[in-house]
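Trainee: following is a predicted model, sequence given first.
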Amino acid sequence: MSYTNFTVETDADGIALVTWNMPDKSMNVFTADVLKELDAIVDQTVADAAIKGVVVTSGKSTFSGGADLSMIKGMFTFYNEEKARDPEGAAQKLFDLCGQMTGLFRKLETSGKPWVSAINGTCMGGAFELSLACHGRVASNSKSVKIALPEVKVGIFPGAGGTQRVPRLTNAQDALQMMTTGSSLTPQRAKALGLVHELADPDKLIDAAKAMLKNGLKPVQPWDEKGFKAPGGGIWTPAAAQLWPAASAILRRETNGNFPGALAIVKCVYEGLQLPIDLGLKVEQRYFTQVLQTTEAFSMIRSLFISMQELGKGARRPAGVPKTELKTVGVVGAGFMGASIAYVTAAAGIPVTLIDRDIEAATKGKTHSEGLVKDSIGKGRMTQEQGEALLALITPSADYNDLKDVKLVVEAVFEDRQVKKDVIEKVEAVIGEDAIFASNTSTLPITGLAKNSKRPNQFIGIHFFSPVEKMMLTEVILGKESGDKALAAALDFVAAIKKTPIVVNDTRGFYVNRCVFRYIHEAYDMLIEGVPAAMIENAAKMAGMPVGPLSLNDEVAIDLSQKILKASIADLGEASVNPEHMALINKLVDDLDRRGRKNGKGFYEYPAKPAKKFLWPGLKDLFPQKPAENFDVETLKQRFLVTIALEAARTVEEGIVTDPREADVGSILGFGFAPYTGGTLSYIDGMGVKTFFDLCEKLAAAYGEHFQPTALLKDMAAKGQTFYGRFDPYATQAAA
Ligand code: NAD
């Protein structure tokens with residue numbers, strides 16, 4: 001029998017080697033066709049008496065990434081269509097669909113033929129669930145192999161048997177830890193946990209898998225044997241009595257009840273361990289069906305999986321512009337940002353010329369990379385040779401002539417119009433006709449800076465976030481005259497350094513910082529109202545923000561907030577800034593020298609390590625605090641999310657952000673906007689624009705004009721529209 005996605009070769013010992021190798025895909029993923037073929041392969045191996053056992057592996061360097069996004073997308077579409085047609089029966093049909101993979105894997109493990117999974121490369125999600133259904137698992141001991149059930153990160157959970165088989169192979173605590181965090185395991189760790197049976201050198205992997213079969217591997221899973229007991233001892237043991245109350249508390253602490261997928265994992269394991277496997281699988285299927293119907297799952301999958309991939313693959317790249325050959329890149333300004341930009345560029349294998357005012361400053365910029373490389377070598381993440389090769393790609397210089405061959409220059413000099421003007425002129429005097437100039441300015445409009453350029457259509461903004469090595473997002477800023485070639489080059493560069501881009505039009509603060517400062521300003525308002533500082537920070541975290549607003553302001557630097565407020569006043573007039581905010585910040589910076597973490601004094605105090613930072617007690621004297629009972633924590637949570645989402649809606653209305661995917665992905669990757677919402681606009685769409693509009697009006701009446709909903713929201717509420725409907729990114733693409 002022949003298959004499109006698999007080959008089946010049976011050797012003289014009667015071992016069928018099933019190799020998963022999808023044509024036209026760089027990675028194997030589960031699709032409806034793959035499931036159908038795998039089902040037929042199980043039937044074939046059962047029917048063929050000559051086949052004594054099966055080894056399943058991958059023909060690619062990775063084993064598989066799990067389910068295909070189009071398959072998951074299809075589940076939502078299926079459910080919504082069914083709901084419209086048959087509201088009563090839709091959930092049952094979704095339940096049946098959710099059981100498809102579970103049923104197939106159960107069929108495989110009870111087929112009577114022994115299966116061994118030979119995990120030759122990274123094995124994620126559904127692919128590891130397939131492996132768990134095999135009777136034996138051998139993993140390659142290569143460093144590049146990662147094993148994970150990461151579904152919780154996109155709002156769902158392992159729903160093809162993962163929550164039942166993992167805790168039947170290892171103790172419940174490690175099972176919960178692995179699945180509720182979605183973190184990756186090395187093959188060694190997976191073996192230590194009992195999740196794989198053997199490790200083998202990459203070139204001996206298939207032999208080891210076959211040997212397992214030849215040594216008489218039983219085609220029966222431990223949980224199908226009579227008298228099976230889970231390794232952790234089930235849930236009626238003294239150890240379990242210690243574990244389960246703590247597990248609920250830890251889950252609450254880590255998720256604030258915001259992630260239905262994570263909660264479902266705990267329920268599946270707890271309930272499943274009390275049941276035989278088939279019933280446990282049913283319980284999992286039931287919770288999976290429930291979670292798939294949540295707004296959180298829908299929005300998280302859309303933003304964190306689908307949109308992120310689409311943006312990463314250049315969804316906004318202008319068609320028809322040839323790929324930019326980034327043979328070398330120039331970075332001008334070897335300070336805090338420039339040094340890191342040079343590092344990520346070299347880490348992507350691109351030679352960089354790193355320019356500063358003098359060779360000492362440029363060389364100092366390179367020492368940043370040397371430190372990072374040393375650290376990586378020390379941690380075993382890089383070999384000595386790799387480190388040396390990376391560093392050899394960075395050439396410090398004070399001579400602008402060294403930029404003559406670059407195709408792209410990223411400017412990261414002082415945030416000063418005159419300094420930037422001078423640099424633009426010097427760079428343009430030497431670079432080739434077709435080279436692109438990109439500024440990393442964080443506050444100066446690109447259109448204004450481009451006025452200093454001889455070729456403003458080859459001028460663009462690439463706004464990095466600090467720390468550059470860790471932050472996945474970059475904002476690409478289009479000035480009024482930035483052309484397609486500049487955009488394509490910027491996106492090609494961002495793709496090469498493996499970051500996710502969002503493309504926004506020019507405005508003060510661009511997209512991310514506009515939203516971030518709304519978050520911080522809401523905290524100023526709360527302080528002024530007398531909300532206890534700890535309550536402000538905790539309410540923000542309960543709303544799903546990773547860092548409290550006061551802590552964030554300390555990281556950003558309070559004197560930077562002061563600079564930005566003053567610049568707004570200078571450029572837009574007094575009315576552009578809340579005078580109480582200005583007074584608060586002036587007091588902290590000018591009178592008290594509290595500038596944030598950088599000088600060890602901000603909204604927090606920073607004692608010497610290992611002591612932890614704590615809220616500065618003097619805040620209570622500056623802003624007398626009322627009892628916490630005076631404030632409703634739900635309202636505080638709402639105020640944070642609404643003020644940010646409303647700012648995002650304004651950027652759409654002003655034409656700054658044109659694609660809802662970018663507002664959503666940018667908000668999560670840029671400042672961690674409550675990920676369970678799917679991002680700023682999904683937060684609005686998720687509750688409905690009308691509900692959001694009403695909420696804004698209510699908050700505006702109680703907390704100020706800045707909550708006043710906008711004309712666009714009013715119009716959308718009246719028409720019953722959503723952001724993804726009105727600004728449908730796929731329609732725009734189709735029309736383009
Ligand atoms: P920085 O002061 O650490 O570095 C600036 C560097 O530019 C210094 O090394 C300086 O010697 C060099 N420089 C100044 N004039 C120069 C000239 N004429 N020719 C060559 N080099 C010159 O500043 P930074 O924090 O790295 O910020 C750089 C840019 O990045 C600014 O535009 C800033 O707004 C932007 N930015 C900063 C952050 C951040 O978190 N710091 C984030 C995003 C963007």
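Mentor: Okay, I see it.
Trainee: in the protein, what residue comes closest to the ligand?
Mentor: G335 (1.8 Å; C-beta to the nearest ligand atom). Every residue, glycine included, has its C-beta placed from N, CA and C.
Trainee: contact partners for that residue?
Mentor: For G335, the contact set (C-beta atoms under 8 Å, 6 or more residues apart in numbering) comprises 356, 361, 365, 412-414.
Trainee: A412 versus that one, what's the distance?
Mentor: 7 Å (C-beta to C-beta, to the nearest Å).
Trainee: OK, contacts around K626?
Mentor: Contacts for K626 were tallied using C-beta under 8 Å, 6+ apart; they are 529-532.
Trainee: only the buried members of the contacts of G335: can you turn that into a ChimeraX selection?
Mentor: Of the contacts of G335, the buried ones can be selected in ChimeraX as follows, counting by 16 or more other C-beta atoms under 10 Å:
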select :356,361,365,412,413
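Trainee: widest-spaced pair of the contacts of G335?
Mentor: G365 and F414 (14.0 Å; C-beta to C-beta).
Trainee: residues in the stretch 451-600 of the chain within reach of the ligand, list them.
Mentor: Counting by C-beta under 6 Å from any ligand atom, the residues of the stretch 451-600 of the chain close to the ligand are 463-464, 466.
Trainee: most surrounded residue in those?
Mentor: H463 (25 neighbours; other C-beta atoms under 10 Å).
Trainee: which strand residues bridge that one?
Mentor: E475 (DSSP bridges).
Trainee: how many other residues sit next to V577?
Mentor: When neighbours are counted by other C-beta under 10 Å, V577 registers 18.
Trainee: repeat that for A246.
Mentor: Based on other C-beta under 10 Å, the number of other residues close to A246 is 10.
Trainee: stretch 355-363: end-to-end distance?
Mentor: 9 Å (C-alpha to C-alpha, to the nearest Å).
Trainee: what's in contact with it?
Mentor: So stretch 355-363 is contacted by 330-335, 338, 354, 364-365, 396-400, 402-403 (C-beta under 8 Å, 6+ apart).
Trainee: now stretch 600-610
Mentor: For stretch 600-610, with C-beta under 8 Å, 6+ apart as the criterion, the contacting residues are 533, 550-551, 553-554, 558, 588, 592-597, 613-617, 619.
Trainee: likewise stretch 564-584?
Mentor: In contact with stretch 564-584 (C-beta under 8 Å, 6+ apart) are residues 443, 508-509, 517, 521, 524-525, 527-528, 585, 622.
Trainee: pull the CA atoms of that stretch into PDB?
Mentor: Extracted C-alpha coordinates of stretch 564-584, given in PDB (Å, rounded to 0.1, in the frame of the first residue of the first chain):
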ATOM      1  CA  ILE A 564       8.300  61.700  27.500                       C
ATOM      2  CA  LEU A 565       5.700  63.700  29.400                       C
ATOM      3  CA  LYS A 566       7.700  66.900  29.000                       C
ATOM      4  CA  ALA A 567       8.200  66.200  25.300                       C
ATOM      5  CA  SER A 568       4.400  65.800  24.900                       C
ATOM      6  CA  ILE A 569       3.900  69.200  26.600                       C
ATOM      7  CA  ALA A 570       6.600  70.800  24.400                       C
ATOM      8  CA  ASP A 571       5.200  69.400  21.200                       C
ATOM      9  CA  LEU A 572       1.400  69.100  21.900                       C
ATOM     10  CA  GLY A 573       0.800  71.600  24.700                       C
ATOM     11  CA  GLU A 574      -0.100  71.400  28.400                       C
ATOM     12  CA  ALA A 575      -3.400  69.800  27.800                       C
ATOM     13  CA  SER A 576      -1.800  66.700  26.400                       C
ATOM     14  CA  VAL A 577      -0.600  65.600  29.800                       C
ATOM     15  CA  ASN A 578      -2.500  65.100  33.100                       C
ATOM     16  CA  PRO A 579      -1.000  67.700  35.400                       C
ATOM     17  CA  GLU A 580      -1.300  65.400  38.400                       C
ATOM     18  CA  HIS A 581       0.800  62.800  36.600                       C
ATOM     19  CA  MET A 582       3.400  65.400  35.800                       C
ATOM     20  CA  ALA A 583       3.500  66.600  39.400                       C
ATOM     21  CA  LEU A 584       3.800  63.000  40.600                       C
END
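Trainee: same question for that stretch, mean pLDDT?
Mentor: Average pLDDT, stretch 564-584: 93.
Trainee: which parts of that stretch are buried?
Mentor: 564-565, 567-568, 577-578, 581-582, 584.
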